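[1] Below: sequence and its predicted model.
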Amino acid sequence: MSGAGQALGSLNGLDGLGRADAPALRVDPRAMIVTTFLFIAVVSSFDKYDLLGLLPLVLYPVSLMALGRVSFRRIARRLLVASPFAVMIGIFNPVFDGRIIAELGPLAVSGGWISFASILVKFLLTVSAALLLVEICGFDAVCFGLGKMGVPRVLVSQLLFLKRYIHVAADEAARMVRAHALRSFRRRGMSFRVFGSLCGQLLLRSLDRAQRIYNAMISRGFSGRIHLLRERSVRGGDILFASLWIGFFLLVRLYNIPLWIGTLVLGSLA
Amino acid sequence: MSHHIVELKNLEFAYADGTPALRGVSFRIVHGESVGLVGANGAGKSTLLLHLNGCLFPVGGTVQVGDYPLTRKNVDDVRRRVGMVFQDPDDQLFMPRVFDDVAFGPLNLGLPRDEVESRVHGALRQVGADHLAERPPYKISGGEKRAAAIATVLSMSPDILVMDEPSSGLDPLSRRQLIELLRRFRHTKIIATHDLDLVLDVCERTIVLNGGRVAADGPTAEIFRDEALLMANHLEKPLRMQPLAGC
Ligand SMILES: Nc1ncnc2c1ncn2[C@@H]1O[C@H](COP(=O)(O)OP(=O)(O)O)[C@@H](O)[C@H]1O
Ligand SMILES: [Mg+2]
């Protein structure tokens, strides 16, 4: 495999720890998927000024990282790649929303800054939850889990094949680009015409490959459905995992726990 | 044992763009035979192999595997009996793990779970690849891919093994191991290849294709001695049969 293929492999890092023989955290992908989706829904539903109320939800990604032995750096690296988008979305809030809504001692904080911060926190929470889902269960298991939850088979197969052959396609593309570079000498870059025919070539090759893969599948009795041998069944522990977390999310959503603790502490001081 | 017969009668095939690839191929292979299919690039070897399990259907003539001519109705039956190993193992290993790939065929046959499991391990052991079961196929070496690809059809317990250029892209050691493996199989074998040394080691019979027709069909040793025939078909005497320089 060429450098490009390998770089792509480590870049997308779609193989989570779920592929390992002894994953640190054994949860059925379906339980994780449901929990992750509810987490994302709850996080998104917070008011844009309610920064404080969001904070307890940090517990979810942090404890998953600890339980699943996922290194913080692995997640942080990918968060960093995506973070410019979140910053772009929120960056003008402080400019347009100058209303003072909180005072930290001598510092007056405008609503714009608070909502900017809450966009960032929401982004960090939701994206890290999604990354952890793939990291802990493994990309393939998540796909098969989605399939068992009723996501159309075609879509699931598409995702699986995308992951399996993205390296192969990238490799083919890299070889073609290299062949072009070796013969174009001093001219740098690629003209639009050459680029177009290169893309066309790549498409044709992919179609050929698709046909060959299909041949290999029907040769082994494929008739529209991909079966797996070791299919997990949902166990009590999985249900407990999902319901405890979901209960926690709802609690955090309905009661502003930091505020409540704050008044409790202040009340006892008074 | 007539049920392992492969018989082609006047097989003709043209691709959709009009390229005639096979122009009347006939031969008969009986149980336990090991046959090398050789010929220049574009001679029609791969096209011929695709007819043996109904990936392609002939435009003219018939293909018979076992007791009946191959039709769209009995194609599932034939596919169970004919194990097809394709040229590029990347096409054959499409599942997340090698294990799932080897289990793919048996699961499609609807076999019970323990049976599938034991077949998968049996097939992997036969090709010396037990240790690859949990690996993703794109992270193993070329020789390992080839072994795994062979295991994916062995797990279906085919009677007939069909292989398209099995030694292409292998380093000398992996190639040697492949040859040893093929020699051990008791199956009826049909192997398309440019590797005449492999044919010499594995196949007692050779069929030479040229431009979609059979140019020669006979015992391997005889065919490889006929230098004029080999030349006419873009082939070269196996290294082992060439006189050493200076002797
Ligand atoms: N998918 C295809 N579409 C059109 N023509 C094809 C296709 N595949 C092969 N051919 C043509 O059919 C002929 C036989 O090819 P093939 O069976 O691949 O030969 P071999 O395997 O002996 O090299 C060649 O002329 C080739 O160009
Ligand atoms: Mg070929």
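    The structure has been received and is ready for your questions. Numbers count the residues shown, from 1 in each chain, chains lettered A, B, ... in the order given. Ligands and ions are numbered 1, 2, ... in the order given.

[2] I'd like the distance from the helix or strand bottoming out on mean pLDDT in chain B to the chain centre, please.
    Lowest mean confidence among the helices and strands of chain B (mean pLDDT, DSSP states H and E): strand B:68-69, at a mean of 85. In terms of Cα atoms, centre = their mean, to the nearest Å, the centre of strand B:68-69 is set 20 Å apart from its chain centre.

[3] just stretch A:228-248 next, same as before
    With Cα atoms, centre = their mean as the basis, stretch A:228-248 stands 20 Å off its chain's centre.

[4] With just CA atoms, put that stretch into CSV.
    In CSV, the C-alpha atoms belonging to stretch A:228-248 read as follows (Å, rounded to 0.1, in the frame of the first residue of the first chain):
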residue,chain,number,x,y,z
LEU,A,228,-22.5,-12.1,10.7
LEU,A,229,-21.6,-15.1,12.8
ARG,A,230,-20.9,-13.6,16.2
GLU,A,231,-23.8,-11.3,16.6
ARG,A,232,-24.1,-9.9,20.1
SER,A,233,-27.4,-10.0,21.8
VAL,A,234,-28.4,-7.1,24.1
ARG,A,235,-27.8,-8.0,27.7
GLY,A,236,-29.0,-6.7,31.0
GLY,A,237,-25.8,-4.7,31.4
ASP,A,238,-26.3,-2.9,28.1
ILE,A,239,-29.8,-1.9,29.1
LEU,A,240,-28.6,-0.7,32.5
PHE,A,241,-25.8,1.3,30.8
ALA,A,242,-28.2,3.0,28.5
SER,A,243,-30.9,3.7,31.1
LEU,A,244,-28.5,5.0,33.8
TRP,A,245,-27.0,7.5,31.4
ILE,A,246,-30.2,8.5,29.8
GLY,A,247,-31.7,9.1,33.3
PHE,A,248,-28.7,11.2,34.2
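
[5] residue boundaries of the strands in chain B?
    Counting by DSSP state E, chain B has these strands, from start to end: B:6-14, B:20-29, B:34-38, B:60-65, B:68-69, B:82-85, B:160-164, B:188-192, B:205-210, B:213-219.

[6] Out of these, which is closest to residue A:113?
    Among the strands of chain B, the nearest to residue A:113 by Cβ to Cβ is strand B:82-85 (64.0 Å). Heads up, the C-betas are built off the backbone N, CA and C, glycines and all.

[7] Is the closest one positioned near ligand 1?
    No. Using Cβ under 6 Å from any ligand atom, strand B:82-85 never reaches ligand 1; the gap is at least 13.7 Å.

[8] which bits of chain B sit near chain A?
    Neighbours of chain A within chain B, by Cβ under 8 Å from any Cβ of the partner chain: B:50, B:53, B:55, B:76, B:79-80, B:82, B:84, B:86, B:88, B:90-92, B:94-97, B:99-100, B:103-105, B:107-109, B:113, B:116-117, B:120, B:134, B:136-138, B:152-153, B:156.

[9] now for the host helix or strand of residue A:143, which elements pack on it?
    Per DSSP states H and E, residue A:143 falls inside helix A:139-148. With contacts defined as 3 or more Cβ pairs under 8 Å, 6 or more residues apart in numbering or on different chains; DSSP states H and E, helix A:139-148 has these neighbours: helix A:29-44, helix A:111-137, helix A:153-184.

[10] List just the one of the ones you listed that sits closest to ligand 1.
    Proximity to ligand 1, assessed across the helices and strands packed on helix A:139-148 by Cβ to the nearest ligand atom, is greatest for helix A:153-184 (17.2 Å).

[11] close to chain B, is that closest one?
    Yes. In terms of Cβ under 8 Å from any Cβ, part of helix A:153-184 sits within range of chain B, namely A:160-161, A:163-165, A:167-168.

[12] For PyMOL, write the selection for the buried entries among those residues.
    Here is the PyMOL selection string for the buried members of the residues of helix A:153-184 next to chain B, based on 16 or more other Cβ atoms under 10 Å in any protein chain shown:
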select buried, chain A and resi 160+163+164+165+167+168
